[in-house]
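>>> Provided below are the primary sequence and the corresponding predicted coordinates.
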Amino acid sequence: MSTAPALEIRNLGRRYGPIAALDGLDLTLDAGRIVALFGENGSGKTTLLKIVAGLLSEYTGEALIHGHAPGPESKAMVSFLPDQSFLPDTVSARTAVSMFGDFFADFDAARAFALIAELGIDAHRTLKTLSKGQREKVQLALAMSRRARIYLLDEPISGVDPAAREVILRTILTQYDPGALVVISTHLIADIEAVADAAVFLRAGRVLFAGDADDLRARHGMSLDRLFRTTYQNPVRS
Amino acid sequence: MYAALLKHEARLQARPLLSFLGIALAVFAGGLAAMLLRVPLLAEFGNVAAIIVCLLLAVGVPAHLLHRYYTSMYGREGYLTHVIPAKHTALYAAKFTWAAGVWAASLLLTLALAYGIAVAQTITAGGTASDTWAALATALANANQTALALGIAWIAVGLLTYVAQFGWVVTFGMEDRFRSLGLGGPVVVWFVSYLVMQVVTFAAMVLIPVGVTPDFSELVFASFLGELPKAFANEDPSFIPLGWLPVILVALPVYVIWTLHSLKKHTSLR
């Protein structure tokens, strides 16, 4: 097993036309932690996750996943849950499980079926007959049923009711491998604060501050939720 | 992984394609039955309906394949496609194989249906089914065999080239440089590439000094430039230019290599 950090980002840059979504971002994250990724809209959270997941090829700088640049090797280690529905409408959860089984060597189909049942979803129903929240739960079950070394969860609890949020968070916490790195991007700080070991605050494509959650709270004398509100009260002009 | 990707294509597309095929064949069978039974009013309509089914198959299947390529690579399903731990070459190979296979099958089916229409038309005109087969066999036997072989090869290579071109149009058109155009990116790329291909093909026909006599009996190594006035004057040129053949043969690997490069270096999901 390599001793490289789970995630090592060096001088990462990505532009959308004249706008810099990531602007020389440096970040190192170790395995075995739950990291909350915070930032206002347009701060670069999703872009960062997309690059690490291998969905964006055009960037400057370096992103290393356990020592590998984004590619087939890194994708075999990263379980990515995007902030949108990525499954075809016409398939059932059962078919989706079969698909994941075909593609990911670390996928545990039995675990996925158990999770889907636990989340109260009929695996035989096609996804188009499910509500948005139910679809998100199916996708979460698929993503968390991989024995991945890194989980990238982009807004996994947005757009669902508070009860569902709790279920989703509980699912994440009970299903991930403790030796893995879990990065959760979200605006719902209060929901995530209690479970995050560390936090990264982004602004204008750079790391504003990052560190252990307890250290950040102690250093700033406030909760992460309060720190977020204080930090992002004045939006940056782009 | 290639086999898993191919299975994935089949799993997602078999049902819509078979549904489309089922409806098309039902309409076709109904149309043919109306023709053969000489149902008043409906017989003519049945003939037209059967022809429309053939046209829809010829156009609808590639349109569906193109749409699926876009949605699975650059629509929201792309968020799954591009996190699969497969090399871009395997991803592309699976999609290419599937598209070429399905399109080829649909073309063969279209030909079979067209033959069915011809049989029905022969019978309604007072002939028999074997008359159509005999007419076809005679036409094939009398046809210049070189021209026939060349035509079949051209269709096969042309189909592969179209598959590669459609893939390239979408892949290149969805690169970051065309981001502001949205779906217009592939449309603009297609339009420009179509124009370029027309110009290049015409230039190759004129400038590459190779052709074949109208009876396909011998090759001619001469520039078609001197024959152009005849072509424009609606007169038969003394030979058929073949300069376009290298273009289509070169275009196929160019589209494939360019698409692979674009997939590897410029994938940019929105």
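That came through fine.

>>> so which residues of the chain form strands?
Unless you meant another one, I'm taking chain A. Counting by DSSP state E, chain A has strands at residues A:7-16, A:19-29, A:34-39, A:60-65, A:78-81, A:150-154, A:181-185, A:198-203, A:206-212.

>>> try chain B instead
Using DSSP E, the strands of chain B run over residues B:211-212, B:219-220, B:240-241.

>>> and the last one, which strands flank it?
Going back to what we said before, that points to strand B:240-241. Applying DSSP bridges to the sheet, strand B:240-241 is found paired with strand B:211-212 (antiparallel).

>>> so of the strands of chain B, which one's packed in deepest?
Relative to the other members of the strands of chain B, strand B:240-241 carries the highest mean neighbour count by mean count of other CB atoms under 10 Å in any protein chain shown, namely a mean of 22. Glycine gets a C-beta too; all of them are placed from N, C-alpha and C.

>>> so which residues make contact with that one?
With CB atoms under 8 Å, 6 or more residues apart in numbering or on different chains as the contact definition, strand B:240-241 has outside contacts at B:205-206, B:208, B:210-214, B:224, B:227.

>>> out of the residues you listed, flag the one nearest to residue B:162.
Within the contacts of strand B:240-241, proximity to residue B:162 (CB to CB) peaks at residue B:205, which comes in at 19.1 Å.

>>> tell me, how many residues neighbour residue 28?
All of this is about chain A. The number of residues packed around residue A:28, counting by other CB atoms under 10 Å in any protein chain shown, is 13.

>>> ah, I was thinking of chain B
As a burial measure, residue B:28 scores 22 neighbours (other CB under 10 Å).

>>> and what of residue B:246?
Considering only other CB under 10 Å, residue B:246 is surrounded by 12 other residues.

>>> contact partners for it?
Contact partners of residue B:246, counting by CB under 8 Å, 6+ apart, are B:204, B:208.

>>> could you do the one 10 residues further on as well?
With contacts defined as CB under 8 Å, 6+ apart, residue B:256 is in contact with B:92, B:96, B:164, B:168.

>>> out of these, which is nearest to chain A?
Checking those against chain A with CB to the nearest CB, the nearest one is residue B:92 at 13.4 Å.

>>> ok, that closest one touching residue B:260?
Yes: contact between residue B:92 and residue B:260 holds when scored by CB atoms under 8 Å: they sit 5.9 Å apart.

>>> what's the closest of the strands of chain A to chain B?
The closest approach between chain B and any of the strands of chain A, judged by CB to the nearest CB, belongs to strand A:78-81 at 5.1 Å.

>>> restricting to C-alpha, output that closest one in PDB.
Below are the C-alpha coordinates for strand A:78-81, written out as PDB (Å, rounded to 0.1, in the frame of the first residue of the first chain):
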ATOM      1  CA  VAL A  78     -12.700   6.800  -6.000                       C
ATOM      2  CA  SER A  79     -16.400   6.600  -5.400                       C
ATOM      3  CA  PHE A  80     -18.000   9.800  -6.700                       C
ATOM      4  CA  LEU A  81     -21.500  10.900  -5.900                       C
END
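
>>> could you give the average pLDDT over that strand?
In this model, strand A:78-81 carries a mean pLDDT of 95.

>>> show me how to select, in ChimeraX, the buried members of the contacts of strand B:240-241.
Restricted to the buried members of these, where burial is judged by 16 or more other CB atoms under 10 Å in any protein chain shown, the ChimeraX selection command reads as follows:
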select /B:205,206,208,210,211,212,224,227
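
>>> just send the contacts of strand B:240-241 back as CSV, with pLDDT too.
As requested, the contacts of strand B:240-241 are arranged in CSV below (pLDDT from 0 to 100):
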residue, pLDDT
B:205, 89
B:206, 88
B:208, 89
B:210, 87
B:211, 85
B:212, 82
B:213, 83
B:214, 80
B:224, 84
B:227, 82
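
>>> which one of the contacts of strand B:240-241 sits closest to residue B:191?
Using CB to CB, the shortest approach to residue B:191 within those belongs to residue B:205, at 21.6 Å.

>>> is it true that residue B:210 touches residue B:221?
Yes: using CB under 8 Å, residue B:210 and residue B:221 qualify as a contacting pair, with a distance of 5.9 Å.

>>> do you know the pLDDT at the most centrally placed residue in chain B?
For chain B, the residue sitting closest to the mean C-alpha position, by CA atoms, centre = their mean, is residue B:159 at 4.5 Å. As predicted, residue B:159 sits at a pLDDT of 92.

>>> who touches it in this structure?
The neighbours of residue B:159, taking CB under 8 Å, 6+ apart as the test, are B:100, B:103-104, B:107.

>>> quick one: residues contacting residue B:229.
Applying CB under 8 Å, 6+ apart, no residues qualify as near residue B:229.

>>> what number of residues lie near residue 191?
Looking at chain A here, since you left the chain open. The tally of other residues near residue A:191 (other CB under 10 Å) stands at 19.

>>> actually it's chain B I care about, not the one you picked
Applying other CB under 10 Å, we find 12 other residues in the vicinity of residue B:191.

>>> ok, now residue B:62?
Residue B:62 has 19 neighbouring residues, counting by other CB under 10 Å.

>>> any figure for the gap between it and residue B:38?
Taking CB to CB, to the nearest Å as the criterion, residue B:62 is separated from residue B:38 by 35 Å.

>>> and if you look at residue B:256?
Counting by CB to CB, the gap between residue B:256 and residue B:38 amounts to 51 Å.

>>> got CSV for the contacts of residue B:256, with neighbour count and distance to chain A too?
Formatted as CSV, the entries for the contacts of residue B:256 read as follows, by neighbours: other CB atoms under 10 Å in any protein chain shown; distance: CB to the nearest CB, whole Å:
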residue, neighbour count, distance to chain A
B:92, 22, 13
B:96, 17, 18
B:164, 23, 21
B:168, 23, 16
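
>>> quick one: these as JSON lines, columns for distance to residue B:191 and pLDDT too.
As requested, the contacts of residue B:256 are exported to JSON lines (distance: CB to CB, whole Å; pLDDT from 0 to 100):
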{"residue": "B:92", "distance to residue B:191": "23", "pLDDT": "96"}
{"residue": "B:96", "distance to residue B:191": "23", "pLDDT": "96"}
{"residue": "B:164", "distance to residue B:191": "18", "pLDDT": "96"}
{"residue": "B:168", "distance to residue B:191": "14", "pLDDT": "96"}
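
>>> okay, and which of these map to helices?
Among the contacts of residue B:256, the subset assigned to helices under DSSP state H consists of B:92, B:96, B:164, B:168.
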